[in-house]
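1. Compute the structure for the input listed below.
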Amino acid sequence: MTVSLVVVSHSAKLAEGVVELAGQMTHGKVAIAAAGGANDGTLGTSMDRILAALEQVASVDGTLILLDLGSAVMNTEMAVEQFAQSGAYHIIISPAPLVEGAVIAAVEASIGNSLAEVAGAALGALSLPKLHE
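-> Below you'll find the model as predicted:
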């Protein structure tokens, strides 16, 4: 097994797009689940959707959760707390940028790095320059 990823976004389409991009970078070697949108399909986040994504990709090697905006944190924390009751899984909620962090995390997971290494690499995306001057 490898470290798995969950992508949490206020937009279902955004979460699915990030999962698609990260998945293509790893040729499907990493379990990545999208948890986007509110339960009624509108913009927002859903503890139920996050919990379902965690259940879908749970890994004994751990799971890294990446999210888009700060208000997603509360639902993510509640989902992680509820999920933790089901077993001894290691989960890290990352403050890394969503797209860059997810791609880097997926690549790092695909080469067998630990949850701490995957999380650290994703966090390193904070310092990646977007423009070269």
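
2. And the helices in the protein, which stretches?
-> Along the chain, the segments classed as helices by DSSP state H run 12-25, 47-57, 72-84, 98-110, 115-123.

3. pretty sure residue 128 contacts residue 100?
-> Yes. At 5.9 Å, residue 128 counts as touching residue 100 under the criterion of C-beta atoms under 8 Å. Just so you know, the C-beta spots here come from the backbone N, C-alpha and C atoms, and that holds for glycine as well.

4. More neighbours: the two, which one.
-> Between residue 128 and residue 100, counting by other C-beta atoms under 10 Å, residue 100 is the more crowded of the two (17 against 10).

5. how near is that one to residue 67?
-> 13 Å (C-beta to C-beta, to the nearest Å).

6. For the nearest residue to residue 23 once chain neighbours are set aside, the count of nearby residues, please.
-> Excluding the flanking residues, the one nearest residue 23 by C-beta to C-beta, 6 or more residues apart in numbering is residue 32, at 5.6 Å. Residue 32 has 28 neighbouring residues, counting by other C-beta under 10 Å.

7. Report the buried residues of the least confident helix or strand in the chain by mean pLDDT.
-> Ranking every helix and strand in the chain by mean pLDDT, DSSP states H and E puts helix 72-84 at the bottom, with a mean of 94. Neighbour counts using 16 or more other C-beta atoms under 10 Å place 72, 75-76, 79-80, 83 of helix 72-84 among the buried residues.

8. Can you tell me what sits against it?
-> Applying C-beta atoms under 8 Å, 6 or more residues apart in numbering, the external contacts of helix 72-84 come out as 8-10, 45-48, 50-51, 54-55, 58, 65, 67, 89, 91, 93.

9. Narrow those residues to just the buried residues.
-> Applying 16+ other C-beta under 10 Å to these flags 8-10, 45-47, 50-51, 54, 58, 65, 67, 89, 91, 93 as buried.

10. And those, which is the shakiest by pLDDT?
-> Across the buried ones among the contacts of helix 72-84, the bottom pLDDT score, 86, is held by residue 89.

11. Distance of that residue relative to residue 82?
-> Applying C-beta to C-beta, the value for residue 89 to residue 82 is 12 Å.
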